[in-house]
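S.K.: From the sequence below, what's the structure:
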Amino acid sequence: MASFAFRFPVVSHMGHNVSHAKNRTARSFKYNLHTVTVLVDGVKQKMRVPTKILRSLKKQGVTTHYRATE
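M.R.: Numbering: from 1, shown residues only. Next up is the predicted model:
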């Protein structure tokens, strides 16, 4: 697992729910997680990754859900 690592915070952003009366309560925006099969040191592993990281994995060709066109 040493050759592959990514980190992201537990909560992506914080904000407010705003009611019609303009009352504000705290809320958190959660990540859009996807389950992906990733090759880590030649071994397939299932991981839940956010779409932002999934995009970079696709560009690197690490995930099995994407094959670069040649």
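
S.K.: CA atoms for contacts and neighbours, from now on please.
M.R.: Fine.

S.K.: Would you map the strands across the protein?
M.R.: Secondary structure of the chain (DSSP state E): strands at 13-18, 24-29, 33-40, 43-50.

S.K.: Out of those, which one sits most buried?
M.R.: With neighbours defined as mean count of other C-alpha atoms under 10 Å, these peak in mean count at strand 33-40, which reaches a mean of 16.

S.K.: just how off-centre is it within its chain?
M.R.: 10 Å (C-alpha atoms, centre = their mean, to the nearest Å).

S.K.: quick one, that strand and strand 43-50 angle?
M.R.: Inter-element angle recorded for strand 33-40 and strand 43-50: 150 degrees (by axes from the mean of the first three to the mean of the last three C-alpha atoms, to 10 degrees).

S.K.: so what's the residue lying farthest from the centre of the chain scoring on pLDDT?
M.R.: Distance to the chain centre peaks in the chain at residue 21, reaching 34.5 Å (criterion: C-alpha atoms, centre = their mean). In this model, residue 21 is scored at 97, pLDDT.

S.K.: and the residue most central in space within the chain, how far is that from residue 25?
M.R.: When C-alpha atoms, centre = their mean is applied to the chain, the residue found nearest the centroid is residue 50 (1.0 Å). Applying C-alpha to C-alpha, to the nearest Å, the value for residue 50 to residue 25 is 25 Å.

S.K.: Residue 60 now?
M.R.: Taking C-alpha to C-alpha, one finds residue 60 at 40 Å from residue 25.
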